[in-house]
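Enquirer: sequence first, then the predicted structure:
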Amino acid sequence: MTDRSSPGTLYGLGVGPGDPELITLKALRLLRAAPVIAYPAPEHGESLARSIAETHLPGGQEEIVIRMPLDAGRFPIDAVYDEAARAVAAHLDAGRDVAALCEGDPFFYGSFMYLFGRLADAHRVEVVPGVSSLLACPAALAAPLAARDDTLLILPATLPEETLAARLDGVDAAAFIKVGRHAAKLRRVLEQRGLLANARYIERATMADQRVLPFAEVGETAPYFSMVVVHARGEAWR
Ligand SMILES: C[S@@+](CC[C@H](N)C(=O)[O-])C[C@H]1O[C@@H](n2cnc3c(N)ncnc32)[C@H](O)[C@@H]1O
């Protein structure tokens, strides 16, 4: 925990990948006790982090919704986080704890890091790790992530095609995140590398509408909350 002067504490709470039971006891306790909660949400519509935590909310908490403009560049996103950080800081300075809800784990590609970056120097901040999609997806796929002395690569599918192809040189095991509208590009790369047959696909892991299929059978695009897991050596755990 960073120990600073503000009387309130900002908690970055990992709420897990979707199943409300995959929240830690610590996150649950802090979530219920916080007078204020904050969470990211799309420009229009529901926040996934809040919907995961919803069954646990005690009611009566003040809520800060951090709405992300669609297809925003760096500048509008900076402005959104600047404003959210000001709103959170006002509560912390008044002695009220704020629980920031983070899908999965706060520090695994989590947008919580942008609040952390703005507030940790001058405020008390505690990060409570969560069950990340990186761990939930292999469990739901019934396929271990990496075996023995495999090297595990985590690659955002948003990278350019040539970069993805180059990074796959000599790969043992890989998890591709942010598949979404990059599914067709990723499939081309895996096919060229002879890895498509070893690629498992999962969307909305641990949620009611979870879907699992061979990546070769996925269409041109996928939902944002999807992942592809590849084992170059096949089922090395057998
Ligand atoms: C910005 S990252 C945030 C990751 C999150 N902090 C975590 O620990 O899982 C978003 C990416 O994580 C992956 N992801 C998160 N939750 C998922 C889920 N329930 N099922 C499948 N993939 C998921 C997807 O690849 C998605 O594009």
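Expert: Good, I have the coordinates. None of these values were measured; they are calculated from a predicted model. Numbers count the residues shown, from 1 in each chain.
Enquirer: tell me the buried residues in stretch 32-42?
Expert: By neighbour count on 16 or more other Cβ atoms under 10 Å, the buried set for stretch 32-42 is 34, 36-41. (Glycine included, C-beta is placed from N, CA and C.)
Enquirer: likewise stretch 125-142?
Expert: 125, 127-138, 140-141.
Enquirer: how far does the helix or strand bottoming out on mean pLDDT in the chain sit from its chain's centre?
Expert: Every helix and strand of the chain was ranked by mean pLDDT, DSSP states H and E. The lowest is helix 74-93, at a mean of 91. Distance of helix 74-93 from its chain centroid, counting by Cα atoms, centre = their mean, to the nearest Å, is 20 Å.
Enquirer: tell me the buried residues in it?
Expert: In helix 74-93, counting by 16+ other Cβ under 10 Å, buried: 80-81, 84-85, 88-89, 91-92.
Enquirer: can you add distance to L145 and give those residues back as a markdown table?
Expert: Converted to a markdown table, the buried residues of helix 74-93 look like this (distance: Cβ to Cβ, whole Å):
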| residue | distance to L145 |
| --- | --- |
| V80 | 33 |
| Y81 | 31 |
| A84 | 33 |
| A85 | 34 |
| V88 | 34 |
| A89 | 38 |
| H91 | 38 |
| L92 | 37 |
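Enquirer: how many neighbours does the closest residue to the ligand within the chain have?
Expert: Here the chain gets closest to the ligand at one residue, G104, 2.2 Å apart by Cβ to the nearest ligand atom. Number of residues near G104 (other Cβ atoms under 10 Å) recorded here: 27.
Enquirer: what's the spacing between it and A87?
Expert: 23 Å (Cβ to Cβ, to the nearest Å).
Enquirer: now swap in G60 and tell me
Expert: Separation of G60 from A87 (Cβ to Cβ): 18 Å.
Enquirer: show me what contacts V15?
Expert: 23, 27, 31, 49, 52-53, 101-104, 130 (Cβ atoms under 8 Å, 6 or more residues apart in numbering).
Enquirer: quick check: the two most widely separated of the buried residues of stretch 125-142?
Expert: The most widely separated members of the buried residues of stretch 125-142 are V125 and L141, with 33.6 Å between them, by Cβ to Cβ.
Enquirer: what about the helices in the protein?
Expert: Listed in chain order, the helices of the chain (DSSP state H) span 25-33, 48-53, 74-93, 112-119, 133-141, 161-167, 183-192.
Enquirer: could you name the helices and strands sitting against the second one?
Expert: Translated: helix 48-53. For helix 48-53, the packing partners by 3 or more Cβ pairs under 8 Å, 6 or more residues apart in numbering; DSSP states H and E come out as strand 36-42, strand 98-102.
Enquirer: do the same with the fourth one
Expert: In terms of contacts (3+ Cβ pairs under 8 Å, 6+ apart), helix 112-119 is packed against strand 9-14, helix 74-93, strand 98-102, strand 124-128.
Enquirer: returning to what we had before: can you tell me how far the residue of the chain closest to the ligand is from F225?
Expert: G104 is 10 Å from F225, by Cβ to Cβ.
Enquirer: what is in contact with the two at once?
Expert: Joint contacts of G104 and F225 (Cβ under 8 Å, 6+ apart) are S133.
Enquirer: does P138 really touch S132, like I thought?
Expert: No - in this structure, P138 is not within contact of S132 by Cβ atoms under 8 Å, at 10.7 Å.
Enquirer: how about the residues of the protein near the ligand?
Expert: Within the chain, the residues that sit near the ligand (Cβ under 6 Å from any ligand atom) are 17-18, 103-105, 108-110, 132-133, 137, 177-179, 202-206, 224-227.
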